[in-house]
Each structure stands twice: as C-alpha cells, then as structure tokens.
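In: no sequence for this one, just the structure:
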C-alpha cells in the first residue's frame with residue numbers, strides 16, 4: 001500500500017517488484033494531464049499531441065485511468081511541483097488512496113536511490129525483463145547492467161504511432177502478454193507508456209509493469225536529458241510532498 005511518502009513509497013515499489021507476481025505502476029504528470037485536457041502539448045523527446053486532432057490517443061489514455069485493481073498503482077503530479085494537475089488527475093481516478101503515489105517517484109531526490117537500488121532489485125527478482133522504448137535506444141548498453149530478454153521498439157512520435165498502428169500494437173501486446181508471465185516490463189515511451197501498461201494489464205496482469213520514464217536516458221540514449229540527472233542540481237535535491 002502506498003503512503004504518499006516520497007521515500008517510503010519508492011522502497012515499497014521495489015519490494016513489490018521482487019515479491020509480487022502482479023503489479024503495475026503508471027505515471028501521469030503535466031504531459032498526460034494536458035492530453036486529457038485536450039491541449040496541444042509535446043516535449044523534447046519528440047512526441048506531440050494536437051488539440052482536437054489526436055482524440056483517439058486521448059480517449060485511450062483516459063481509459064487507462066479507470067483501473068481499480070489493488071495491484072495497479074498510479075503516480076500523479078505532486079502539489080509541490082504542480083498542484084493544478086495534481087488536483088485534476090486526482091479527480092479523474094477511480095482507485096483508492098492506497099494505490100496512489102508520485103509521478104516523480106524515480107526522479108528528483110529519489111534518483112540517487114534509483115541508481116543505487118533499481119538494477120540490484122531487478123537482478124534480485126530473478127524475473128525476465130522486457131523493455132519498451134524508442135527504437136533508437138541503445139539496448140546493448142542496458143544489457144551490460146541487466147539481462148534484457150526482449151525489446152519492444154516505439155518509432156517516432158508515440159502519439160501518431162499509436163493512432164496509426166493501434167490494432168497491430170494491441171496484437172503485439174497480446175502476444176507478449178500471453179507469452180510472458182512473472183516478467184518485468186519496463187516502459188519508457190512518453191504518455192503512450194500509460195496506454196500500453198493498461199492494454200498489457202488487460203491481456204495478463206500476472207506481470208510487473210513499470211513506467212520508468214526518463215530515468216534510464218543516460219544509459220539508453222547516452223544523454224542526461226533532465227535536470228535531475230545532474231548531481232547537486234535543484235531537482236536532484238528535491239523531496240516531493242503530496
């Protein structure tokens with residue numbers, strides 16, 4: 001159960017990665033919130049949602065918010081970083097407070113803990129690992145740290161990719177979800193991650209599904225893409241509050 005404590009929730013999630021056979025962590029921040037509000041939004045990673053145009057993507061993202069399974073965790077914006085979207089996202093969810101945590105759970109002042117404990121946790125679990133991220137990711141660099149069994153590539157703008165290839169991707173997730181059990185799926189595909197986690201959950205909930213966001217960018221893309229990646233930056237010192 002999540003307590004909305006920045007450090008405690010982090011370590012509880014890691015415990016569940018090792019001990020649980022069913023768990024999802026789906027994270028929503030300003031990007032996801034603005035898609036849900038039907039506002040044009042994009043970011044430095046190359047995805048772009050256009051108001052009134054990409055409504056299929058918005059509808060599927062909204063559907064990903066309605067899960068009430070006790071093993072399905074939602075990370076949302078905190079009040080200290082983005083109270084407006086915290087309140088908005090909270091109003092959209094159907095689940096209980098015990099399933100809620102921070103969208104920033106792996107970043108800011110938790111990022112040093114992430115670097116210290118995350119890979120150790122994956123190795124301790126002895127579970128197979130599958131990663132879904134941009135096709136340009138350097139998976140071999142990640143395989144130097146953890147044994148990656150499978151790679152699901154996402155090319156280009158994840159919003160357009162989903163809308164143009166929706167049924168194929170669902171069929172691919174059906175294949176992966178029905179093939180793998182007690183496996184850790186790592187997602188780093190922008191707001192598409194939340195849709196994919198929900199779709200995979202519907203296929204087979206007996207896996208671990210984590211939206212890891214930009215936390216692995218220094219490894220996968222050989223770049224520090226966010227301020228929290230830099231030691232002693234303002235964000236790397238920030239302890240988020242609910």
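Out: The structure has been received and is ready for your questions. Quantities reported herein were computed from a predicted structural model and do not represent experimental measurements. Numbering: from 1, shown residues only.

In: residue 22: neighbour count?
Out: 17 (other C-beta atoms under 10 Å). Yep, even glycine has a C-beta here, placed from its N, CA and C like the rest.

In: just checking, it touches residue 206?
Out: Yes - between residue 22 and residue 206 a contact is recorded at 5.2 Å, counting by C-beta atoms under 8 Å.

In: now residue 32: closest residue in space, sequence neighbours ignored.
Out: residue 191 (4.9 Å; C-beta to C-beta, 6 or more residues apart in numbering).

In: tell me the helices in the chain, going along the chain?
Out: 6-19, 30-36, 55-63, 79-92, 111-125, 139-143, 158-179, 192-203, 217-220 (DSSP state H).

In: to residue 98, which of those lies closest?
Out: helix 6-19 (10.7 Å; C-beta to C-beta).

In: who touches the closest one?
Out: 1-3, 23, 25, 73, 101-102, 104-106, 109-110, 113-114, 117-118, 121-122, 124-125, 184, 208, 210, 239-241 (C-beta atoms under 8 Å, 6 or more residues apart in numbering).

In: in strands, which of those residues fall?
Out: Among these, the ones falling in strands (DSSP state E) are 23, 25, 73, 101-102, 184, 208, 210.

In: which one of those sits closest to residue 145?
Out: Nearest to residue 145 among the ones in strands among the contacts of helix 6-19, with distances taken as C-beta to C-beta, is residue 184, at 13.6 Å.

In: isn't the closest one right next to residue 127, touching?
Out: Yes - Residue 184 is within contact range of residue 127, at 5.0 Å (criterion: C-beta under 8 Å).

In: ok, the two, which is more surrounded?
Out: More crowded of residue 184 and residue 127, by other C-beta under 10 Å: residue 184, with 23 against 19.

In: the more buried one - nearest residue in space that isn't next to it in sequence?
Out: That would be residue 208: by C-beta to C-beta, 6+ apart, it lies 4.5 Å from residue 184.

In: how close does that neighbour get to residue 14?
Out: 11 Å (C-beta to C-beta, to the nearest Å).

In: thinking again about what came up before, CSV for the helices of the chain, including mean neighbour count, distance to residue 44 and mean pLDDT?
Out: Listed next are those as CSV, based on neighbours: other C-beta atoms under 10 Å; distance: least, C-beta to C-beta, whole Å; pLDDT from 0 to 100:
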stretch, mean neighbour count, distance to residue 44, mean pLDDT
helix 6-19, 17, 25, 98
helix 30-36, 22, 11, 97
helix 55-63, 17, 19, 98
helix 79-92, 16, 18, 97
helix 111-125, 16, 18, 97
helix 139-143, 14, 20, 96
helix 158-179, 16, 13, 98
helix 192-203, 23, 16, 98
helix 217-220, 18, 10, 94
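
In: can you put those helices in a markdown table and add distance to residue 226?
Out: Formatted as a markdown table, those follow (distance: least, C-beta to C-beta, whole Å):
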| stretch | distance to residue 226 |
| --- | --- |
| helix 6-19 | 17 |
| helix 30-36 | 13 |
| helix 55-63 | 22 |
| helix 79-92 | 13 |
| helix 111-125 | 9 |
| helix 139-143 | 18 |
| helix 158-179 | 18 |
| helix 192-203 | 16 |
| helix 217-220 | 7 |
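
In: which one of those lies closest to residue 149?
Out: Going by C-beta to C-beta, the one of the helices of the chain nearest residue 149 is helix 139-143, 9.7 Å.

In: mind giving me the packing neighbours of the closest one?
Out: Counting by 3 or more C-beta pairs under 8 Å, 6 or more residues apart in numbering; DSSP states H and E, the packing neighbours recorded for helix 139-143 are strand 148-154, helix 217-220.

In: I'd like those laid out as a markdown table, including distance to residue 53.
Out: Below are the helices and strands packed on helix 139-143 laid out as a markdown table (distance: least, C-beta to C-beta, whole Å):
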| stretch | distance to residue 53 |
| --- | --- |
| strand 148-154 | 20 |
| helix 217-220 | 28 |
